[in-house]
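Asker: Need coordinates for the below:
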Amino acid sequence: MDGAQSPRTNVAARGNGLRWYRVVYRLAYRLHLTVWQRTSPPADLVTLVEGPSPLPPGRALDIGCGTGTDTIYLSTHGWDVTAIDMVPKALAAARRKAAAAGVTPRFIEGDVTHLQDLGVGDGYTLLLDFGCFHTLPVDQRPGYVSNVAHPAAAGATLLLYGFTRPPKAAPMHAGITTEEVQQRFDPDWKLISAARASAEALGIGVRRADDRFELWRYQLQRTTN
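Answerer: This next block holds a predicted model:
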């Protein structure tokens, strides 16, 4: 049944414990403070899928999928998508949206730093992270990198989005830099490009988000397997 979790997935999710950043995200969804939500996929993803040299549809992994905007976009364009998030409320909304769109991606509740325990499988040729890695605590980032490398096929593309200026009122430290991406993801991933990303191109409705947060997009390619 689509969206159903296997016993293994449920055990893994419970075994991760209730981490503090999970509490923050659950509270944000409960209070409707999800300023990162979008109604359309980022322009770079659309270019990869529909541009002049599109990636052939294959397996895609949406890391920190939220309410499923990008998951549903990829599914409607022929991709076999697995989407991960730790917030039940977000996944419930994503499942409703997927059903309304007539697509059946696989949704899993769990921590992205424990992908290997969630039974996601492997062979993914496209991985997408829209604002997940950049909010992880520093001590959890190495686990994220090793877990994301495991399910990726050789030559896979990773689109990674984040900001370099964390909001002053954020309840947790967040941010990302090109130097950190290069250091943490090497040698399993090669940084193909890094560029500022406009809020308009990303579909973010936060006023002056470009100046306030300095949004960046990183495209990486899996180098080893």
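Asker: Which secondary structure element is home to Leu74?
Answerer: Using DSSP states H and E, Leu74 maps to helix 69-76.
Asker: again with Gly78
Answerer: Judged by DSSP H and E, Gly78 forms part of no helix or strand.
Asker: from the chain's centre, how far out does stretch 93-105 sit?
Answerer: Relative to the chain's own centre, stretch 93-105 is displaced by 17 Å; criterion: Cα atoms, centre = their mean, to the nearest Å.
Asker: Okay, buried residues for that stretch please.
Answerer: Using 16 or more other Cβ atoms under 10 Å as the test for burial, stretch 93-105 gives Ala93, Ala94, Arg95, Ala98, Val103, Pro105. The C-beta positions use only the backbone N, C-alpha and C, and glycine is treated the same way.
Asker: Check the spacing between the fourth one and Pro88 real quick.
Answerer: Spelled out, that is Ala98. For Ala98, the distance to Pro88 (Cβ to Cβ, to the nearest Å) stands at 15 Å.
Asker: again with Leu127
Answerer: Taking Cβ to Cβ, one finds Leu127 at 23 Å from Pro88.
Asker: And for Ala100?
Answerer: 19 Å.
Asker: cool, and Pro57?
Answerer: For Pro57, the distance to Pro88 (Cβ to Cβ) stands at 29 Å.
Asker: Looking at the two, which is more packed in?
Answerer: More neighbours surround Pro57 than the other of Pro57 and Pro88, with 15 against 12 (other Cβ atoms under 10 Å).
Asker: Nearest residue to that one in space, ignoring adjacent ones along the chain?
Answerer: Once flanking residues are discounted, Pro57 sits nearest to Gly78: 3.7 Å by Cβ to Cβ, 6 or more residues apart in numbering.
Asker: ok, the residue nearest to Gly155 when sequence neighbours are not counted - how many residues close by?
Answerer: The shortest distance from Gly155 to any non-neighbouring residue, by Cβ to Cβ, 6+ apart, is to Arg222 (5.9 Å). Neighbour count for Arg222, taken as other Cβ under 10 Å: 22.
Asker: ok, Arg222 - contacts?
Answerer: When the contact criterion is Cβ atoms under 8 Å, 6 or more residues apart in numbering, the partners of Arg222 are Ala149, Ala152, Ala153, Ala154, Gly155, Ala156, Thr157, Leu158, Asp188, Trp189.
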